[in-house]
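Asker: 3D, please:
(one chain, ligands or ions: 2)
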Amino acid sequence: MAPTPPATAPAGPGPAAPPQDEARQALDRFDRAVAAETRIEPRDWMPDAYRATLVRQIAQHAHSEIIGMQPEANWITRAPSLRRKAILIAKVQDEAGHGLYLYSAAETLGVSREELLDRLHSGRQKYSSIFNYPTLTWADVGAIGWLVDGAAITNQVPLCRCSYGPYARAMVRICKEESFHQRQGYELLLALSRGTPAQHAMAQDAVNRWWWPSLMMFGPPDAESEHSARSMAWNIKRHSNDELRQRFVDICVPQAETLGLTLPDPELRWNEERGHWDHGPIDWEEFRAVLRGQGPCNAQRLEQRRRAHREGAWVREAAAAYAARHGAGGGTPAGPEGR
Ligand SMILES: [Fe+2]
Ligand SMILES: [Fe+2]
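Answerer: Ligands and ions are numbered 1, 2, ... in the order given. Here you go, the predicted structure:
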């Protein structure tokens, strides 16, 4: 009697591998792509934790761009000349654009813009703590451009080589515009520094207030940075917080000298052995307090953002109605249903 085949045949050498093997192969392919510096694109398989890390980082970056419009927008109506006003309007508008590129990049990971904005408005996602400080004088516009946009560039240039394609490509354009922002701030401070004694004092006061918060923009010291190691292994992050902070200090010290302004740190010293500038201790307690929502402007920034979103509802509705009417000829509306 011929043996009857078993009801369920064991998996042979055919094309269908067991699911756990497929998952392992997908992970291997992903790891190899990251190691070979090949970009990961939206349709490629990626580990859930990689996707979640990117969503969090890109969303917080996008939120920072749009909240970052507020401190400077405060000075548009009071800019001292038509030229300064035109420059500042262009700069603030650029920041809105950066927010839009970044929300679009986050959407490629399968999360909607509505959901991301909701996370910002409900306080579930953060934005850069620097934007919780007030802009007290016109010189603050210069200090923000020189120091805050300067720190942003130092942080963001390495992100142009980030392993996730849409984020890396957005950063290339953003960095070009940030470079203009940094220069306009530097030029503004130079004009004030070389102006009347009162203007010089105003520039110095702005630098005194913005220097330390700018150093905090690089995040906590390496030893306390919870996401750093994994982000570096995935080629999302290329340098540690402390490395980038050091790079920024080394760039700023000679620039401050040219500006004729001092940096408010009596411990700044050239370290011949390290080939870098040593700086004094950073007040991490202040940083943590601002992160907890206890900075000078946290409540005001978030309330203004919520109000802008509420008051802009009719624009979103009109745009959606227009897109629905002209959708066939003019493309589909951007959003989860349009992808
Ligand atoms: Fe920006
Ligand atoms: Fe900027």
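
Asker: for ligand 1, what are the nearby residues on the stretch 51-200 of the chain?
Answerer: Residues of the stretch 51-200 of the chain lying close to ligand 1 by Cβ under 5 Å from the ion are 65, 95, 98. Bear in mind the C-beta positions are built from the backbone N, C-alpha and C, glycine included.

Asker: what about 6 Å?
Answerer: Residues of the stretch 51-200 of the chain lying near ligand 1 by Cβ under 6 Å from the ion: 65, 95, 98, 174, 178.

Asker: Just to check, K237 is in contact with N155?
Answerer: No - counting by Cβ atoms under 8 Å, K237 does not reach N155; the two are 9.5 Å apart.

Asker: in what helix or strand does the closest residue to ligand 2 within the stretch 101-250 of the chain lie?
Answerer: Nearest residue of the stretch 101-250 of the chain to ligand 2, counting by Cβ to the ion: H181, 3.8 Å away. According to DSSP states H and E, H181 maps onto helix 165-193.

Asker: Would you indicate which residues of that helix are buried?
Answerer: Buried residues in helix 165-193, defined by neighbour count with 16 or more other Cβ atoms under 10 Å: 165-168, 170-171, 174-175, 177-178, 181-182, 184-186, 188-190, 192-193.

Asker: residues from the stretch 151-300 of the chain in reach of ligand 2?
Answerer: 152, 178, 181.

Asker: and the residue nearest to the last one when sequence neighbours are not counted, how many residues sit next to it?
Answerer: Put plainly, it is H181. Counting by Cβ to Cβ, 6 or more residues apart in numbering, the nearest residue to H181 once its immediate chain neighbours are dropped is D149, at 3.9 Å. Using other Cβ atoms under 10 Å, the number of residues around D149 comes to 26.

Asker: dump the residue contacts of D149.
Answerer: Listed by Cβ atoms under 8 Å, 6 or more residues apart in numbering, the contact set of D149 reads 178, 181-182, 185.

Asker: follow-up on the earlier one: the residue of the stretch 101-250 of the chain closest to ligand 2 is in contact with K91, isn't it?
Answerer: Yes - using Cβ under 8 Å, H181 makes contact with K91 at a distance of 5.4 Å.

Asker: Spit out the residues that contact these two alike.
Answerer: Counting by Cβ under 8 Å, 6+ apart, the common neighbours of H181 and K91 are G145.

Asker: Let me see the contact set for the residue nearest to P296 when sequence neighbours are not counted.
Answerer: Once flanking residues are discounted, P296 sits nearest to P134: 5.5 Å by Cβ to Cβ, 6+ apart. Going by Cβ under 8 Å, 6+ apart, P134 touches 71, 296-297.

Asker: Please indicate which of the residues you listed are buried?
Answerer: 71, 297.

Asker: Turn the contacts of P134 into a markdown table, columns for secondary structure and pLDDT.
Answerer: Converted to a markdown table, the contacts of P134 look like this (DSSP: H, G, I helix; E, B strand; the rest coil; pLDDT from 0 to 100):
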| residue | secondary structure | pLDDT |
| --- | --- | --- |
| P71 | helix | 95 |
| P296 | coil | 93 |
| C297 | coil | 94 |
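
Asker: Which parts of the protein are strands?
Answerer: Using DSSP state E, the strands of the chain run over 269-271, 276-278.

Asker: Since that was my last question, I'll sign off now.
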